[in-house]
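Peer 1: Fold the stuff below for me.
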Amino acid sequence: MFFITLVLIINGINLRTFDTPNDDGSSITLRWNFDGEYKAFEIYRSEGNGNNFEKLGEVEGTDSIFRDSNLNPNTPYFYKIAGKTDSIIVFSNISGPVKPVVQYFNLYRLPMGICIIILFFSVLFYINMAKRGEKLSIRKIPALNAIEEAIGRATEMGKPVLYVPGIMDIDDPQTIASMSILSRVAEKTAEYGIPLYVPTSRSMAMTMAQQVVKESATRVGRPDWYNPDNIRYITDDQFAYVSAVDGIMVRERPATNLYLGTFYAESLILAETGHSTGAVQIAGTAMPDQLPFFVAACDYTLLGEELYAASAYLSQEPVQLGSLKGQDLGKLIFITVVIIGVLSQLFNWQFFINLFNTIE
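Peer 2: Modelled structure (predicted):
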């Protein structure tokens, strides 16, 4: 009877330990096979010599893997586990020594790295195409086509155009994209000879807007049209700025209002005031919480990343066009990977699943 029990102790649980792949050298992975049923497994570890085991913790009786973390790299460790039933405790073999080793490359992230490299080179490829003068097709956005029509309407009515570049400074990507659009708007208003008002809530944004408008007027041969007083710094305070812009709308009665940039709670206040004056309104922002207000109160709205696409569409600048096309290709790749991933799970295509599997 003693011999049979000894065989169970030796062969009941087979423990295997190894350095966790693709980690920072701070963990060891334990795997074990077992016969029979256990209520729980106790994990024991010994550092250095294989003696004086200490209990690390306990896992469910259905588990067969455990990761021991926060270890010292290149230090030998020994492990054993004990399976607990109602009446007996069955110990595994002692596994070790095993050392955690630093891995400088995480191969499980290789597929994502390949996708990033493809995206990077696709952006460079399209930028070079644009610089060579090759035409890059970009989907037409109705709001962009409406900008020139709205400026033409203001010209026919003899009224100014109001351009609001958001409430953030020039370090904000949306403000930068807005300045690119402002350049195109300034060219058209200077060409048609109608006033352009650009109230800003940041002093640096005012300086940048003045330079952009001045260069645009010079580019179309109308440097005398430029009036720096029409491009004003109001205040950094959010609602004081909105009150001042609403006052411009009510006093000057612009025929066209353009809200392009970063907006927060002031979006609906601006759009409702502009709507009450009867102006054609075109808005654009990448702030998801504010898009419903612009959609409801404006005639046209640039949704999310269309704001960034607009600057490339209007400026036709090679770097922006190439970046836009490259990012579109990257999105297509990621969407394709997601679709194939869903199909792989449905039809159990293990090869593709294993490419993105991060569990050893």
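Peer 1: which ones are touching the residue most central in space within the chain?
Peer 2: Central residue of the chain (C-alpha atoms, centre = their mean): residue 305, 11.2 Å from the mean position. Residue 305 is in contact with residue 286, counting by C-beta atoms under 8 Å, 6 or more residues apart in numbering. (Glycine included, C-beta is placed from N, CA and C.)
Peer 1: what are the phi and psi values for it?
Peer 2: phi -70, psi -10 (degrees, to the nearest 10).
Peer 1: Touching, residue 220 and residue 190? I think so.
Peer 2: Yes. Contact criterion C-beta atoms under 8 Å: residue 220 and residue 190 qualify, at 5.2 Å.
Peer 1: Which one of those two is surrounded by more residues?
Peer 2: residue 190 (23 against 15; other C-beta atoms under 10 Å).
Peer 1: if I've got this straight, the more buried one is in a helix?
Peer 2: Yes. Using DSSP: H, G, I helix; E, B strand; the rest coil, the assignment for residue 190 is a helix.
Peer 1: Can you tell me how far it is from residue 339?
Peer 2: Using C-beta to C-beta, to the nearest Å, we find residue 190 at a distance of 48 Å from residue 339.
Peer 1: Check residue 327 too.
Peer 2: Applying C-beta to C-beta to residue 327 and residue 339 gives a distance of 19 Å.
Peer 1: what sits against the nearest residue to residue 146 once chain neighbours are set aside?
Peer 2: In space, and not counting its chain neighbours, residue 146 is closest to residue 300: 4.8 Å by C-beta to C-beta, 6 or more residues apart in numbering. The contact partners of residue 300, taken as C-beta under 8 Å, 6+ apart, are 142-143, 146, 281-283.
Peer 1: which of these lies closest to residue 77?
Peer 2: residue 283 (61.3 Å; C-beta to C-beta).
Peer 1: Bridging across strands, which residues link to that closest one?
Peer 2: residue 259, residue 301 (DSSP bridges).
Peer 1: Check the burial of it by counting its neighbours.
Peer 2: 29.
Peer 1: cool, the one 4 residues further on as well?
Peer 2: Counted with other C-beta under 10 Å, the burial measure for residue 287 works out to 17 neighbours.
Peer 1: How about residue 136?
Peer 2: Neighbourhood size, residue 136 [other C-beta under 10 Å]: 15.
Peer 1: Report the secondary structure state of the residue found closest to residue 184 once you drop the neighbours it is linked to in the chain.
Peer 2: Ranked by C-beta to C-beta, 6+ apart and with sequence neighbours excluded, the top spatial neighbour of residue 184 is residue 314, at 4.0 Å. When classified by three-state DSSP, residue 314 comes out as helix.
Peer 1: For this structure, which residues score under the pLDDT cut-off?
Peer 2: 1-11, 315, 353-360 (pLDDT under 70).
Peer 1: For it, which segments count as strands?
Peer 2: Along the chain, the stretches classed as strands by DSSP state E are 13-19, 28-34, 40-47, 54-60, 65-68, 77-84, 89-91, 95-98, 161-164, 196-200, 231-233, 256-260, 280-285, 300-303.
Peer 1: what comes up buried for the third one?
Peer 2: To tie it back to what came earlier, the one meant is strand 40-47. Using 16 or more other C-beta atoms under 10 Å as the test for burial, strand 40-47 gives 41-47.
Peer 1: ok, back up a step: so which of the strands of the chain comes closest to residue 152?
Peer 2: Going by C-beta to C-beta, the one of those nearest residue 152 is strand 256-260, 9.2 Å.
Peer 1: so how far is that closest one off the chain centroid?
Peer 2: 26 Å (C-alpha atoms, centre = their mean, to the nearest Å).
Peer 1: what inclination does that strand have with respect to strand 196-200?
Peer 2: If you take axes from the mean of the first three to the mean of the last three C-alpha atoms, to 10 degrees, strand 256-260 sits at 40 degrees to strand 196-200.
Peer 1: Which residues does strand 256-260 contact?
Peer 2: By C-beta under 8 Å, 6+ apart, strand 256-260 touches 147, 150-151, 153-154, 159, 161-166, 177-178, 181-182, 185, 249, 267, 270-271, 274, 279-285, 294, 298, 302, 307, 310.
Peer 1: hang on, the earlier thing: type out the PyMOL command that picks the buried ones from the contacts of residue 300.
Peer 2: Per 16+ other C-beta under 10 Å, the buried members of the contacts of residue 300 correspond to this PyMOL selection:
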select buried, resi 143+146+281+282+283
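Peer 1: and which of the contacts of residue 300 is nearest residue 60?
Peer 2: residue 283 (54.9 Å).
Peer 1: Surely that closest one touches residue 303?
Peer 2: No. Counting by C-beta under 8 Å, residue 283 sits too far from residue 303 to count as a contact (9.8 Å).
Peer 1: Show residues contacting stretch 88-103.
Peer 2: 5, 8-10, 12-28, 30, 32, 38, 46, 50, 71-83.
Peer 1: Any idea how far apart the tips of that stretch sit?
Peer 2: 40 Å (C-alpha to C-alpha, to the nearest Å).
Peer 1: Show me which positions of that stretch end up buried.
Peer 2: In stretch 88-103, counting by 16+ other C-beta under 10 Å, buried: 90-98, 100.
Peer 1: Now for the closest residue to residue 222 other than its chain neighbours: which residues touch it?
Peer 2: Spatially, and ignoring its direct neighbours in sequence, residue 222 is nearest to residue 190 (4.3 Å; C-beta to C-beta, 6+ apart). Neighbouring residues of residue 190 by C-beta under 8 Å, 6+ apart: 196, 216-217, 220, 222, 225-226.
Peer 1: for the protein, longest helix please?
Peer 2: Using DSSP state H, we find that the single longest helix of the chain is helix 318-347.
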